[in-house]
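Participant: structure of the sequence below:
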Amino acid sequence: MAKVFYDVIGDRENVYNAANEWKENCLLQDRSLFNENHELWTVNNLQTLKTRFNENPMYTGKSTFDKKFEMQLQGATKDIYQLAMEIIYVYYLFPYSGTVSYRTKLLKLKDIASWGEVSYDNNHPLLKDLELGIGATGTYYNTAKFEEISYIIQFAITIKLMSIEERHAVLNDPWELKKVIANTKKIIGKNVQVQHIISHLIAPDYFECMASAGHKSLIVKNFNDRIQSENEKDIDKQLYEIRHSLETQGRYIPVNFYHNKELYEMWKPSPIKIDNSGSEIIKDTKSTYNISNVKNISTLGNLVFENEGILLAQIQTALNSGKHIILTGPPGTGKSKLANEICNQIGVSNKLVTATSNWTTYDTIGGYKPNKNGELYFDAGLFLQCFKNKEEANLNEWLIIDEINRADIDKAFGPLFSVLTGDEVTLPYEMKAGTQIILKPESKVKGDIQINEFVVPNDWRIIGTMNTIDKSSLFEMSYAFMRRFAFIPVGVPKSISPRLVEEYLSVWSIQDYIHLETLTSLWELINQYRKIGPAIVKDIANYTAESEDFTSAIILYVLPQFEGLSDYKIKDFVTQLCVKIGEVIAEDLLKDFIEDFFQIGVIDEI
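Facilitator: Numbering: from 1, shown residues only. Model (predicted):
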């Protein structure tokens, strides 16, 4: 049995129950998933949704998937909106919370319900079944929603075109189901993860809880000796044989290719790392840069990000492959909080510093200082303090560097840059005992670490943040330096809606906020001139929740971010601001500030 559980047997049974309701009510019958007395999953409704969605991909333009989906559904009946919401429910049933948060799942369903003004019961028991999920999905599952959701629609249509007897035969026979799964893939024309997901949800006793075709292949390759049917080419049948063999042996109970550490070690994907020269990516089965050295990040705590699953996957992949990280994005997107949350999730201590243009190796690596007796001693800098404390105990303290591009990297990093490439460096300083100080990577250590050695652990990381608005006016990074880092974007939400703002307000514990529409319109307008993140919107919300003074909030938190914009854009912003939310704006006060702060000149021009 390939049903998965995490802590105790049956702790994910609600997911399988929900999948069975989908099978019984929606696929075998035509009933709604959320209201079994309502006919919804009919072939006509599915064909209508296919015409609007599958056959109208809207590849052009820069709109988000959600915005395009809203446009594709525009003008549809309430039944089509309800059907779309239930298909998205199926799409989100499998991913566990580390891939897509429960909060995000509910928000997406609420959005669709609001577009079509269909009823939405926050307390419906099926919604709770989305909370935990059962498996991880890759980045593609989130970035290729169109293909994944198109597959679900097409699969349902294929089932609906059968007679009721044929439906029962297919949905209750795993290998007949596999034929329909394969044929649906041919119609869609692309490999999608949801084909593996649907197989497992409908027939969990026969198909592995696994969304990755690559992982299935690796398991078959590494357990090939357990496959007795020499002519069997179907990978799922091969996996079924492997599972049956392992269960019969009785050593690995339960048989879980991810959660059972011993089994996982037998087939796990080989990690990658950069070789010491930094010139190529190589496979390394002995590398310390792997999932056992850098723990999985299952959640981003109480932080809210658009496409949270993609962000989590990018962070995890970068860390596992030995990369340091630079989080990039506009002001207020939560980069610094995210850096700290990454360390919290992994369970490592960290040091937070803010880069400056005055940094030299004296600040970062260290140098001689006089003690109270006038004698010189070596005082470790910010970087070396991560590896050894004043009591000379060895440390592994990750380094968070805020605004990393404010520093002249080559001047500030000095010898550490060589160590990050895998080299050992002898510093021009001595310890009290007269021994030369050595900075080296852990891979160069032989035996015990000596007092004069500062060792960079293999799983030590730098997490930098970079404000993309002013990056062009600050120090540039060399390509050699950038190769050691993964640049991960932490952007502003592409689609700002009252629902999204309401979600942020809830996370920020701002209760009974009465200016939701105004705040949403303001954020949308600001982003047309300069992108700002939720942190600045939070400041505005907190200020206006108390005083209802949007003019002062804009002066305090928004206009300083407009430094560097042309006079024309600043004037146009004020004009549009008065049009959009003029009823809460003291225009004269705003103009006075702009004239004084930006020295624009003749204020009557605004």
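Participant: would you enumerate the residues in contact with the most centrally placed residue in the chain?
Facilitator: Residue closest to the mean C-alpha point of the chain, counted by C-alpha atoms, centre = their mean, is L311 at 2.1 Å. Counting by C-beta atoms under 8 Å, 6 or more residues apart in numbering, L311 touches 300, 305, 488, 490. Any C-beta I mention is one placed from the backbone N, CA and C, and that applies to glycine too.
Participant: in a strand, the first one, correct?
Facilitator: No: per DSSP: H, G, I helix; E, B strand; the rest coil, L300 lies outside any strand segment and is coil.
Participant: chain neighbours aside, what residue packs nearest to it?
Facilitator: E341 (5.7 Å; C-beta to C-beta, 6 or more residues apart in numbering).
Participant: burial count for the one you found?
Facilitator: 18 (other C-beta atoms under 10 Å).
Participant: wait, it touches E308, no?
Facilitator: No: between E341 and E308 there is no contact under C-beta atoms under 8 Å: 11.7 Å.
Participant: any shared contact partners between the two?
Facilitator: L300.
Participant: just the C-alpha atoms of stretch 568-577, please, in CSV.
Facilitator: The C-alpha trace of stretch 568-577 is given here as CSV (Å, rounded to 0.1, in the frame of the first residue of the first chain):
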residue,chain,number,x,y,z
TYR,A,568,6.9,64.5,-14.3
LYS,A,569,6.2,61.1,-12.7
ILE,A,570,5.9,62.5,-9.2
LYS,A,571,3.5,65.1,-10.4
ASP,A,572,1.5,62.5,-12.4
PHE,A,573,1.3,60.3,-9.3
VAL,A,574,-0.3,63.1,-7.3
THR,A,575,-2.7,63.8,-10.0
GLN,A,576,-3.8,60.2,-10.3
LEU,A,577,-3.8,59.9,-6.5
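Participant: list the contacts of that stretch.
Facilitator: Residues contacting stretch 568-577 (C-beta under 8 Å, 6+ apart): 522, 525-526, 528-529, 554, 562, 585, 587, 590-591, 594, 598, 600, 605-606.
Participant: same question, stretch 148-159
Facilitator: 26-27, 41, 43, 46-47, 49-50, 53-54, 87-88, 90-91, 141, 167, 170-171, 180-181, 183-185, 187-188, 192-195, 198.
Participant: just stretch 221-238 next, same as before
Facilitator: 175, 178, 199, 206-208, 213, 216-217, 220, 241-242, 245-246, 266-267.
Participant: doesn't C343 make contact with I315?
Facilitator: No: in this structure, I315 is not within contact of C343 by C-beta under 8 Å, at 11.3 Å.
Participant: for this structure, just list every one of the strands.
Facilitator: Counting by DSSP state E, the segments of the chain that form strands are 272-274, 281-283, 324-329, 350-354, 366-370, 376-380, 398-402, 425-430, 436-441, 453-456, 462-467, 485-489.
Participant: which residues touch the fourth one?
Facilitator: Going back to what we said before, that points to strand 350-354. Strand 350-354 is contacted from outside by 336, 339-340, 343, 382, 385-386, 397-403, 406, 463, using C-beta under 8 Å, 6+ apart.
Participant: same deal with the fifth one?
Facilitator: Judged by C-beta under 8 Å, 6+ apart, the contacts made with strand 366-370 from elsewhere in the structure are 361, 376-381, 384, 429.
Participant: again with the last one
Facilitator: Among residues not part of strand 485-489, those counted as contacts by C-beta under 8 Å, 6+ apart are 311, 314-315, 317-318, 321, 323-329, 462, 464, 466.
Participant: please repeat the previous calculation with a cut-off of 7 Å.
Facilitator: 314-315, 318, 323-329 (C-beta atoms under 7 Å, 6 or more residues apart in numbering).
Participant: what angle do it and strand 324-329 make?
Facilitator: Relative orientation of strand 485-489 and strand 324-329, computed by axes from the mean of the first three to the mean of the last three C-alpha atoms, to 10 degrees: 20 degrees.
Participant: roughly how far is stretch 131-151 from the heart of the chain?
Facilitator: Computed by C-alpha atoms, centre = their mean, to the nearest Å, the chain-centroid distance of stretch 131-151 equals 13 Å.
Participant: cool, stretch 363-370 as well?
Facilitator: Using C-alpha atoms, centre = their mean, the offset of stretch 363-370 from its chain centre is 38 Å.
Participant: dump that stretch to PDB, restricted to CA.
Facilitator: Extracted in PDB, the C-alpha atoms of stretch 363-370 (Å, rounded to 0.1, in the frame of the first residue of the first chain):
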ATOM      1  CA  ASP A 363      36.000  45.100   9.400                       C
ATOM      2  CA  THR A 364      35.200  41.700   7.900                       C
ATOM      3  CA  ILE A 365      38.300  39.600   8.400                       C
ATOM      4  CA  GLY A 366      39.900  41.400  11.300                       C
ATOM      5  CA  GLY A 367      43.200  42.900  12.300                       C
ATOM      6  CA  TYR A 368      45.500  43.900  15.100                       C
ATOM      7  CA  LYS A 369      44.100  46.100  17.900                       C
ATOM      8  CA  PRO A 370      45.800  47.300  21.100                       C
END
